[in-house]
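[1] Give me the fold of what follows.
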Amino acid sequence: MILRSDFMRIQRFGFQQIPFYGTLSASLCLTMGLVCGGAFAQVDVSSSNSSMSMDDVISSSNRDIYNPKGLWPLFGAGLGYMTSSENIRTEGVPGHLRFLGSYYFEGPWVSEVGGGLYNEVLIQKGGGADTIQALELEGAARFMLPDRWSVGPVFTTLTGNDRYQSNTKNWTSFVGVQVKRDIAWDNQYLVRMGGRFMTDVGVSGDQINAALFEVEVGFGDGSGSPGLVESEPLELEPVVESRPIAPHLAEQAMSGPIVFDGPMNFVENKPTMISSASKRADRLAQILADNAHLFESVEIIGHADERGPENFNQKLSERRAEVVAHKFRRAGLSSNRIKVEGRGESEPVAFNNTATSWFKNRRVEIKIKGVKNQAALDSLLKTVK
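    Predicted coordinates for the structure are as follows:
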């Protein structure tokens with residue numbers, strides 16, 4: 001799960017000893033600070049949502065592996081390398097097995113706490129046993145970046161073993177930075193892979209570094225659209241049944257893409273579609289999957305309105321595009337024919353500083369490329385608009 005660069009001399013900061021309760025208090029304060037920091041970092045501009053009906057608001061699903069929200073339990077393992085030190089026998093291969101509780105906020109933050117078993121096999125020559133075992137506790141917070149990467153601080157404490165000769169007996173603490181990436185694997189599992197670099201905050205007279213590669217797995221629901229749970233059961237209006245067009249009609253390749261002009265708008269500050277747009281996207285996804293021989297690929301481009309930090313809007317636009325892409329994959333369209341892109345706030349279609357303009361800019365644009373029979377495809381798309 002993470003890469004660790006362990007130990008830094010406390011002496012360089014001028015400390016000779018850190019009392020037990022001081023270290024414990026620091027651990028709790030840092031962990032709470034990381035969690036609360038993620039919460040306060042959320043961008044909340046929900047005031048204009050009051051103009052929307054409840055039917056247009058779609059709550060987030062915290063079990064969706066494509067767009068996780070809320071609390072996620074995960075199990076993970078890590079393995080790495082710890083460097084040697086002059087006065088303490090530390091060089092070896094550290095590893096751990098852990099359970100984590102990760103909380104995905106509405107904004108671009110995820111925080112987590114967890115614990116497990118830590119073990120290091122020592123390869124540095126010296127006295128004492130050749131392994132170190134301890135219980136491990138940690139807290140972390142990460143900022144979500146494009147393409148489902150995240151980066152942030154992490155704090156870890158090892159308990160029940162004094163082999164690292166910490167100033168606080170049986171408590172050895174470390175701080176560092178971790179980088180992870182979320183992956184939706186096999187439409188069933190949320191997999192996180194990454195690394196951690198850490199340094200100690202309680203060992204005097206030595207500097208010890210370590211790095212761990214880590215993998216974490218959580219179980220979710222890949223069968224539903226990312227981030228979408230309809231507030232009421234869908235009641236689709238009658239449409240012309242989508243039947244595949246015979247392949248012999250798809251002979252003439254067209255020069256340019258078809259841009260689907262049915263509105264695909266989203267709830268403010270969220271990657272959740274309004275109810276009417278969600279229904280429209282479901283119908284479009286099924287028609288395209290049933291008639292995939294009429295085109296080569298589909299490009300899905302997410303957008304955001306101009307309010308809020310630019311990096312947050314970029315990430316939000318990517319998540320909105322992924323919401324629609326997952327509908328297409330669920331309908332049966334091959335992933336290698338779907339391109340997903342987010343363009344943040346850079347391409348508005350409405351320019352007045354009003355709620356109506358902001359609503360129009362919170363959208364996803366769909367381009368159908370490599371069209372082989374425009375007349376046949378246009379006829380099918382008209383049943384969706």
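[2] Okay, strands next: where are they in the stretch 1-150 of the chain?
    70-82, 92-104, 109-122, 131-144, 149-159 (DSSP state E, counting those that start in this stretch).
[3] Tell me where the stretch 251-385 of the chain has strands.
    So, for the stretch 251-385 of the chain - with DSSP E, counting those that start in this stretch - the strands run 258-260, 297-302, 338-342, 364-369.
[4] so which of those strands comes closest to Lys69?
    Nearest to Lys69 among those is strand 297-302; the distance by Cβ to Cβ comes to 17.3 Å. (Each C-beta comes from the backbone N, C-alpha and C, glycine too.)
[5] Quick check: buried residues in that closest one?
    297-302 (16 or more other Cβ atoms under 10 Å).
[6] Near Lys125, how many other residues are there?
    9 (other Cβ atoms under 10 Å).
[7] Can you pull the poorly scored residue ranges out of the protein?
    Applying pLDDT under 70 to the chain flags residues 1-64, 66-67, 186-187, 220-256, 385.
[8] and with 50 instead?
    The chain contains residues with pLDDT under 50 at 1-62, 222-242, 245-255.
[9] For it, which residue occupies the most central location?
    The centre of the chain sits closest to Arg148, judged by Cα atoms, centre = their mean, with a distance of 4.5 Å.
[10] Secondary structure element holding the spatially closest residue to it that is not a sequence neighbour?
    Residue nearest to Arg148 in three dimensions, not counting chain neighbours: Asp182, with 4.3 Å by Cβ to Cβ, 6 or more residues apart in numbering. In the assignment (DSSP states H and E), Asp182 maps to strand 171-185.
[11] just checking, what packs against that strand?
    The contact analysis (3 or more Cβ pairs under 8 Å, 6 or more residues apart in numbering; DSSP states H and E) places strand 171-185 against helix 20-40, strand 131-144, strand 149-159, strand 189-200.
[12] what about that strand, distance to the chain center?
    13 Å (Cα atoms, centre = their mean, to the nearest Å).
[13] so what are the domain limits for the chain?
    11-219, 247-381 (automatic domain parsing).
[14] From the centre of this protein, point out the most distant residue.
    Gly127 (44.5 Å).
[15] mind listing what that one touches?
    Shown in contact with Gly127 (Cβ atoms under 8 Å, 6 or more residues apart in numbering): Arg89.
[16] do you know how far it is from Ile88?
    11 Å (Cβ to Cβ, to the nearest Å).
[17] same question, Met193
    Distance from Met193 to Ile88, by Cβ to Cβ: 31 Å.
[18] thinking again about what came up before, pretty sure the residue nearest to the centre of the chain is touching Arg181, no?
    Yes - between Arg148 and Arg181 there is a contact under Cβ atoms under 8 Å: 5.7 Å.
[19] okay, and the common contacts of the two?
    Common neighbours of Arg148 and Arg181 (Cβ under 8 Å, 6+ apart) do not exist.
[20] Contacts only, for the residue lying closest to Leu100 once chain neighbours are set aside.
    Spatial nearest neighbour of Leu100, chain neighbours left out: Gly114 (3.5 Å); criterion: Cβ to Cβ, 6+ apart. By Cβ under 8 Å, 6+ apart, the contact set of Gly114 is 98-101, 137-138.
[21] beta partners of Gly114?
    Leu100, Glu138 (DSSP bridges).
[22] what's the answer for the one 4 residues further on, then?
    Bridge pairing for Tyr118 (DSSP bridges) gives the partners His96, Ala134.
[23] where exactly do the helices run in the stretch 251-385 of the chain?
    Taking DSSP state H, counting those that start in this stretch, the helices of the stretch 251-385 of the chain run over residues 275-290, 310-331, 355-361, 374-381.
[24] Tabulate the CA atom coordinates of the shortest one in PDB.
    Output of helix 355-361 as PDB, limited to C-alpha atoms (Å, rounded to 0.1, in the frame of the first residue of the first chain):
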ATOM      1  CA  ALA A 355     -27.700  30.000 -12.200                       C
ATOM      2  CA  THR A 356     -29.100  29.100 -15.600                       C
ATOM      3  CA  SER A 357     -25.700  29.600 -17.300                       C
ATOM      4  CA  TRP A 358     -23.900  27.600 -14.600                       C
ATOM      5  CA  PHE A 359     -26.500  24.800 -15.000                       C
ATOM      6  CA  LYS A 360     -25.800  24.600 -18.800                       C
ATOM      7  CA  ASN A 361     -22.100  24.400 -18.200                       C
END
